[in-house]
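1. missing the sequence, but the structure's below:
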Ligand code: SF4
Ligand code: SF4
């Protein structure tokens, strides 16, 4: 996404990058290790690669991709179930474009569509409600994956379907929460990082104060950032300063769109229709209370309750997306990267998603060999 | 996934608004930003305005980044 008001001086990003690298080198002298920060958000992963920031910082700061792309973190079994949903001729399956090419155990939604199933890409889940109204003889299922940014919009669609009594509409959701997965990374997976580059979009809903637990419980600094080079570089600068001074805090470097309290109207809408539930994360297993499920009062709109979809345990592949989203491996450490697994023939979601770390690495950072 | 795009509000209705996204006009929901005014920018995700862009903060941030860029780092 763009900044609305570009800084007048294009030199600023360049100078900032130099400052960042110098600060980083001081950090390294002090600790003996490259400072490492995790970008939680998939859009940051892509932006860091696309704008060249990651390359400029190479050898000075290590940026590690985190669990912030909802497509990448969706459990394989859930993907299989969503594709299975599309197998019935009685149903129209609607979803965001990102889900289409994600490989299930046997095929993707895209291949189901090519074989004649009714799978449609919509821009908003509210469009899926409209499609349901226009097709009263079909069951319309919206596949909703997403974090706190997207869930309020899913809730808005449930509200619309409820108000209009659209009985042939339902949702198969894989809604995830940011806080529990960050806790899991820090306490269970014990990822070694010095701080977090915090997501710009999720924070619109959550607000800056939602991350205070990082400081209180883990002494981890975090900076909320936008997606332009200056925004990311200045956030990394602030992270380095805090690392050097040993004074962690949560800073908001995206004040123009993220408020301290977030968006309360969006959070209220989210919790009116959803409630916390255990959720399965790719490569991480079940994390208690890390997801959101449709509230029981609205279970008539819950595709998981409405349709009885059973899929087997997916076969293990050598895809390392699970390690990727925990920051435990880099894309080129996967033996399939760039060989068996490319954007044209993706093996795992990290290569499919527009925000996946493997896709970003393949497009912008791969060493020609 | 949540590619937030900035959109300028052209005309406000009850629960929606006509916006301009880089020259393209479209309708977006304003359920979560009901207080938005014509002429303001909103960040849109999946068809809903999620946040009103605060221009004063945007300018203040730019000043801050410039200061950082010119800071002395030894
Ligand atoms: S869901 Fe939104 S906040 Fe999360 S990774 Fe995607 S773009 Fe970033
Ligand atoms: S390169 Fe492909 S197979 Fe390897 S982790 Fe990434 S998506 Fe999975």
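-> Ah, there it is. These numbers were taken from a predicted model, which means no experiment stands behind them. Ligands and ions are numbered 1, 2, ... in the order given.
2. Look up the closest residue to residue A:273, ignoring the ones flanking it.
-> residue A:155 (4.1 Å; CB to CB, 6 or more residues apart in numbering or on different chains). Just so you know, the C-beta spots here come from the backbone N, C-alpha and C atoms, and that holds for glycine as well.
3. I figured that neighbour was touching residue A:267, is that so?
-> No - with contact defined as CB atoms under 8 Å, residue A:155 does not reach residue A:267; the gap is 9.9 Å.
4. who's more crowded, those two?
-> residue A:155 (28 against 20; other CB atoms under 10 Å in any protein chain shown).
5. tell me the secondary structure for that one?
-> Under DSSP: H, G, I helix; E, B strand; the rest coil, residue A:155 falls in the helix class.
6. if I look at it, how far off is ligand 2?
-> Separation of residue A:155 from ligand 2 (CB to the nearest ligand atom, to the nearest Å) stands at 31 Å.
7. Run through the residues that contact that residue.
-> The neighbourhood of residue A:155, defined by CB atoms under 8 Å, 6 or more residues apart in numbering or on different chains, consists of A:269-270, A:272-274.
8. Looking at the residues you listed, spot the one nearest ligand 2.
-> residue A:274 (29.1 Å; CB to the nearest ligand atom).
9. How about the helix or strand encompassing residue A:324 and ligand 2, any contact?
-> Using DSSP states H and E, the element containing residue A:324 is helix A:321-325. Yes - counting by CB under 6 Å from any ligand atom, ligand 2 is contacted by helix A:321-325 at A:321, A:324.
10. do the same with stretch A:75-88
-> No - applying CB under 6 Å from any ligand atom, one finds stretch A:75-88 separated from ligand 2 by no less than 11.1 Å.
11. quick one: that stretch to chain centroid distance?
-> With CA atoms, centre = their mean, to the nearest Å as the basis, stretch A:75-88 stands 19 Å off its chain's centre.
12. Buried residues in it, which are they?
-> Across stretch A:75-88, burial judged by 16 or more other CB atoms under 10 Å in any protein chain shown covers A:75-86, A:88.
13. Using the three-state scheme, assign the residue nearest to residue A:214 when sequence neighbours are not counted.
-> The shortest distance from residue A:214 to any non-neighbouring residue, by CB to CB, 6+ apart, is to residue A:220 (4.3 Å). Three-state call for residue A:220 (three-state DSSP): coil.
14. what about residue A:220, neighbour count?
-> 24.
15. isn't it right up against residue A:186?
-> Yes - counting by CB under 8 Å, residue A:220 does reach residue A:186; the two are 6.9 Å apart.
16. which neighbours do these two share?
-> residue A:214.
17. where does chain A come near ligand 1, residue by residue?
-> Counting by CB under 6 Å from any ligand atom, chain A comes close to ligand 1 at A:41-43, A:68-70, A:146-147, A:149, A:199, A:201-202, A:355.
18. Now list the buried members of those residues.
-> By 16+ other CB under 10 Å, these give A:41-43, A:68-70, A:146-147, A:149, A:199, A:201-202, A:355 as buried.
19. Among those, which ones are in helices?
-> A:42-43, A:70, A:202 (DSSP state H).
20. rewinding a little: how near is the residue nearest to residue A:214 to residue A:237?
-> Applying CB to CB, to the nearest Å, the value for residue A:220 to residue A:237 is 17 Å.
21. Quick check: residues of chain B near chain A?
-> Selection of chain B residues close to chain A by CB under 8 Å from any CB of the partner chain yields B:1-6, B:29, B:31-34, B:41, B:43, B:45-48, B:50-51, B:53-55, B:57-62, B:64-66, B:68-71, B:73-74.
22. what about stretch A:61-72 and ligand 2, any contact?
-> No - if you take CB under 6 Å from any ligand atom as the test, stretch A:61-72 misses ligand 2, and the best it gets is 8.3 Å.
23. Could you tell me the end-to-end distance of that stretch?
-> Terminal residues of stretch A:61-72 lie 24 Å apart, using CA to CA, to the nearest Å.
24. Stretch A:180-200 too?
-> Termini of stretch A:180-200 sit 18 Å apart (CA to CA).
25. In contact with the closest residue to residue A:302 other than its chain neighbours, which residues?
-> Once flanking residues are discounted, residue A:302 sits nearest to residue A:294: 4.3 Å by CB to CB, 6+ apart. By CB under 8 Å, 6+ apart, the contact list for residue A:294 reads A:158, A:171, A:173, A:273-274, A:301-302.
26. Dump those into TSV; add pLDDT, neighbour count and secondary structure as well.
-> Shown next, in TSV, are the contacts of residue A:294 (pLDDT from 0 to 100; neighbours: other CB atoms under 10 Å in any protein chain shown; DSSP: H, G, I helix; E, B strand; the rest coil):
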residue	pLDDT	neighbour count	secondary structure
A:158	98	26	helix
A:171	98	27	strand
A:173	96	29	strand
A:273	98	23	helix
A:274	98	21	strand
A:301	98	24	helix
A:302	98	18	strand
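27. of all those, which two lie farthest apart?
-> A:274 and A:301 (11.2 Å; CB to CB).
28. Name whatever forms a beta bridge with residue A:285.
-> Listed by DSSP bridges, the beta-bridge partners for residue A:285 are residue A:281.
29. three-state assignment of the residue nearest the centre of chain B?
-> Central residue check for chain B by CA atoms, centre = their mean: the C-alpha nearest the mean position is that of residue B:42, 3.2 Å away. In three-state terms, and counting by three-state DSSP, residue B:42 is strand.
30. Got phi/psi on residue A:92?
-> Residue A:92 adopts backbone torsions of phi -110, psi 120, taken as degrees, to the nearest 10.
31. Pretty sure it sits against residue A:135.
-> Yes - counting by CB under 8 Å, residue A:135 is a contact partner of residue A:92 at 6.2 Å.
32. And the two? Which one has more around it.
-> The neighbour comparison of residue A:92 against residue A:135 (other CB under 10 Å) goes to residue A:92, with 23 against 15.
33. so how far is the helix or strand of chain B with the lowest mean pLDDT from its chain's centroid?
-> Lowest by mean pLDDT, DSSP states H and E among the helices and strands of chain B is helix B:55-70, with a mean of 87. For helix B:55-70, the separation from the chain centroid amounts to 17 Å (computed by CA atoms, centre = their mean).
34. before we move on, what about stretch A:324-342?
-> 17 Å.
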